[in-house]
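**Student:** my questions are about this predicted structure, shown below with the sequence.
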Amino acid sequence: MNGMTLRIFRRTTWCMLLAVVLCGAMTSCRRAAERAGERIRIESVEQVRLHGLSGADLTLRIRNDNRFGIQLREAGLDLWYADAYVGSISLREGVEVPRRSVESVVTRWRFRVEDPLALYALSRRVTRCQPEGIEVSFRLKGHGGAAAVHIREERMPLSEFLRIFGLTCEQLNQYLDL
């Protein structure tokens with residue numbers, strides 16, 4: 001091998017090793033984030049205070065068993081019924097949960113209704129615990145310690161969304177006073 005070929009070989013080898021190390025680090029960071037997520041729980045919805053069709057205040061009992069605080073900067077939810085866009089719900093102000101704590105956290109939400117008739121039909125379906133045809137998209141941005149958290153899920157069935165948070169349709173009706 002001449003000197004030029006040897007340099008290219010070394011450079012390629014170092015780049016491949018660097019790529020392997022970075023992939024390993026990203027994988028371990030992802031696993032750490034998943035483990036941290038398992039230690040954060042919404043234990044209950046303590047209170048729902050509706051402000052007509054413009055918004056609501058939700059008081060949530062949140063358990064954070066992590067060694068770091070949680071900061072939720074942005075959160076939002078989009079609703080569809082029978083493929084018609086109904087509207088959105090978005091967090092008005094960021095919230096924080098201290099490390100290793102169980103806190104009652106008041107969250108303020110804003111509603112935007114695009115199709116009032118679809119909202120009426122959607123609320124009737126939820127009241128009857130018939131979630132078929134209702135879809136939800138959600139997004140979250142925040143920090144867990146120094147790690148940024150960005151979660152986004154597009155158009156999942158309402159029943160699956162409720163299952164993520166351990167809720168039933170009956171509990172949803174009770175919280176919303178439907």
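**Tutor:** In hand now; what should we look at?
**Student:** all contacts plus neighbour counts: C-alpha atoms, from now on.
**Tutor:** Will do.
**Student:** which strand or helix spans the nearest residue to E93 once chain neighbours are set aside?
**Tutor:** Leaving aside its chain neighbours, E93 sits nearest to R108 (6.4 Å; criterion: Cα to Cα, 6 or more residues apart in numbering). R108 belongs to strand 101-113 when elements are defined using DSSP states H and E.
**Student:** same for that strand, what does it pack against?
**Tutor:** strand 55-64, strand 84-91, strand 95-97 (3 or more Cα pairs under 8 Å, 6 or more residues apart in numbering; DSSP states H and E).
**Student:** strand partners of the second one, parallel vs antiparallel please.
**Tutor:** In the sheet, strand 84-91 lines up against strand 70-81 (antiparallel), strand 101-113 (antiparallel) (DSSP bridges).
**Student:** any idea which of these is most buried?
**Tutor:** Stretch with highest mean neighbour count among the strands paired with strand 84-91: strand 70-81 (a mean of 19; mean count of other Cα atoms under 10 Å).
**Student:** what angle do it and strand 55-64 make?
**Tutor:** Calculated by axes from the mean of the first three to the mean of the last three Cα atoms, to 10 degrees, strand 70-81 forms an angle of 130 degrees with strand 55-64.
**Student:** and for stretch 104-118, what's in contact with it?
**Tutor:** 46, 53-62, 81, 84-95, 97, 119 (Cα atoms under 8 Å, 6 or more residues apart in numbering).
**Student:** buried subset of the residues you listed as a ChimeraX selection?
**Tutor:** The buried residues among the contacts of stretch 104-118 can be selected in ChimeraX (16 or more other Cα atoms under 10 Å) with this line:
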select :55,56,57,58,59,60,61,62,81,85,86,87,88,89,90,91,92,95,97,119
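**Student:** domain parsing of the protein, as residue ranges.
**Tutor:** As assigned by automatic domain parsing, the chain contains the domains 1-38, 39-176.
**Student:** the ones you listed: lowest mean pLDDT?
**Tutor:** Of all the domains of the chain, mean pLDDT reaches its minimum on domain 1-38 (a mean of 45).
**Student:** what's near enough to touch the residue nearest to the spatial centre of the chain?
**Tutor:** Note on the chain: the residue nearest the mean C-alpha position is L140, at 4.4 Å, using Cα atoms, centre = their mean. For L140, the contacting residues are 72-76, 149-152, by Cα under 8 Å, 6+ apart.
**Student:** swap the cut-off to 10 Å and go again
**Tutor:** 72-77, 91, 149-153 (Cα atoms under 10 Å, 6 or more residues apart in numbering).
**Student:** okay, these in TSV with distance to S159 next?
**Tutor:** As requested, the contacts of L140 are exported to TSV (distance: Cα to Cα, whole Å):
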residue	distance to S159
L72	24
R73	26
E74	23
A75	20
G76	18
L77	15
L91	22
V149	24
H150	22
I151	19
R152	17
E153	14
